[in-house]
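Undergrad: need a 3D model of the sequence below.
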Amino acid sequence: MDKPVKDILICGGGLAAWITAAALSRALPDEVNITVLDIPDTDKFDMLYGTVTAPAAYGFFLEIGLSEPDLLRLTHTAFSFGTHYMQWGSPSRSWVQCHHLPFPARDNVPFVHYFTG
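TA: From the prediction side, this is the model:
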């Protein structure tokens, strides 16, 4: 490439798009324009990873300059130990995707696994 990138378009929406935009804006010069093209109903197509992050994202948010109080206040979100998916594939199936938190293990079992029992 002979010319520097001046414009970046992020197609999508939700958490994944916005944290990508935040990370790029922090890493790139101010002359680069970053635009998020929010696609309606994105969360319907990315049910597993587009709207949640693991607790390990805390360090990433600090690196890109997002504070937890601001993030929670401005995005109307909350902390979660996991996500319970109900009627997954059939009316009788459900499962819990646990986020591994830095809590101590008991009898070599991570704390969050007690929530799935």
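Undergrad: looking at it, T35 is touching K6, isn't it?
TA: No. Using CB atoms under 8 Å, T35 is not in contact with K6; the gap is 11.5 Å. C-beta: built from backbone N, CA, C; applies to glycine.
Undergrad: mean confidence (pLDDT) on the helix or strand containing V36, please.
TA: Take DSSP states H and E as the rule and V36 turns out to sit in strand 33-38. Averaged over strand 33-38, pLDDT sits at 93.
Undergrad: also stretch 84-92?
TA: Averaging pLDDT along stretch 84-92 yields 85.
Undergrad: my read is G89 is in a strand, agree?
TA: No. Residue state for G89 (DSSP: H, G, I helix; E, B strand; the rest coil) corresponds to coil; a strand is not indicated.
Undergrad: any idea how far it is from A23?
TA: From G89 over to A23 the distance is 34 Å, taken as CB to CB, to the nearest Å.
Undergrad: ok, those two, which is more surrounded?
TA: Each of G89 and A23 had its neighbours counted (other CB atoms under 10 Å), and the higher figure belongs to A23 (17 against 9).
Undergrad: any idea whether that one is helix, strand or coil?
TA: Recorded secondary structure, A23: helix (three-state DSSP).
Undergrad: what's near enough to touch it?
TA: With contact taken as CB atoms under 8 Å, 6 or more residues apart in numbering, A23 is in contact with F60, I64.
Undergrad: 10 Å instead?
TA: By CB atoms under 10 Å, 6 or more residues apart in numbering, the residues touching A23 are I34, F60, F61, E63, I64, G65, L66.
Undergrad: which among those residues count as buried?
TA: With burial judged by 16 or more other CB atoms under 10 Å, the buried subset of these is F61, L66.
Undergrad: beta partners for the nearest residue to L24 once chain neighbours are set aside?
TA: The shortest distance from L24 to any residue other than its chain neighbours is 5.5 Å, reached at I34 (CB to CB, 6 or more residues apart in numbering). Here I34 sits in beta bridges with I8, going by DSSP bridges.
Undergrad: lowest-confidence helix or strand of this protein?
TA: In the chain, no helix or strand scores lower on mean pLDDT, DSSP states H and E than helix 42-45, which sits at a mean of 60.
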